[in-house]
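Novice: give me a model of this one.
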Amino acid sequence: MESFSELMKLSGLLNDFRQPWFVAGGWAIDLFIVDVTRVHKDIEIAIFRKDQNSLREYLFGWKFTKVINGKMEPWNEDEWLELPIHEIHAHTKNNLFRDRFYSLLTAILATIVITAILTSLQYLP
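Specialist: From the prediction side, this is the model:
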């Protein structure tokens, strides 16, 4: 992904999601400085941990996996994710994303400080 157009599509997708969500990772920095600094392979968003079920319900029909110790594992529908698990992947085949298998990387956080996400040097590529 080399332009902000993919973020606009994501914004459209999440337009009716009624819980707070935030762009995170490399794209957050690019939005903050209003420049695409590199090619991105995914889009990272952050949500509050308490909203994880709301995201699953909103993205009904998507396939979800969680990351444990660097390995992707299925995220069961009745499973509540606690720390230290903080990363999930959501996959779908959707016309909104040009009929290709699309991956949305989501960080689930217990608390969030927007300024820290946007300005922390740890998020720089």
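Novice: quick one: secondary structure of the residue nearest to residue 61 when sequence neighbours are not counted?
Specialist: The shortest distance from residue 61 to any non-neighbouring residue, by C-beta to C-beta, 6 or more residues apart in numbering, is to residue 92 (6.8 Å). In this view, the C-beta of every residue, glycine as well, is placed from N, C-alpha and C. Using DSSP: H, G, I helix; E, B strand; the rest coil, the structure places residue 92 in strand.
Novice: pLDDT value on residue 65, please?
Specialist: Predicted confidence (pLDDT) at residue 65: the value is 88.
Novice: what about it, neighbour count?
Specialist: Residue 65: 16 surrounding residues under other C-beta atoms under 10 Å.
Novice: tell me what it is bridged to.
Specialist: Under DSSP bridges, the beta-bridge partners of residue 65 are residue 74, residue 89.
Novice: is it correct that it is in contact with residue 71?
Specialist: No - assessed by C-beta atoms under 8 Å, residue 65 is found out of contact with residue 71, at 9.5 Å.
Novice: what about the chain, any weak spots by pLDDT?
Specialist: 1, 93-125 (pLDDT under 70).
Novice: quick one, strands of this structure?
Specialist: For the chain, the strands defined by DSSP state E occupy 21-24, 43-48, 63-68, 71-74, 87-93, 101-109.
Novice: in TSV: those strands, plus distance to residue 10.
Specialist: Shown next, in TSV, are these (distance: least, C-beta to C-beta, whole Å):
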stretch	distance to residue 10
strand 21-24	8
strand 43-48	6
strand 63-68	16
strand 71-74	21
strand 87-93	11
strand 101-109	7
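Novice: among those strands, which is nearest residue 2?
Specialist: Shortest separation from residue 2 across the strands of the chain is recorded for strand 43-48, at 12.5 Å, computed as C-beta to C-beta.
Novice: for the closest residue to residue 72 other than its chain neighbours, what are its contacts?
Specialist: Closest residue in space to residue 72, ignoring its immediate chain neighbours: residue 65 at 4.5 Å, by C-beta to C-beta, 6+ apart. Residue 65 makes contact with 72, 73, 74, 75, 88, 89, 91 under the criterion C-beta atoms under 8 Å, 6 or more residues apart in numbering.
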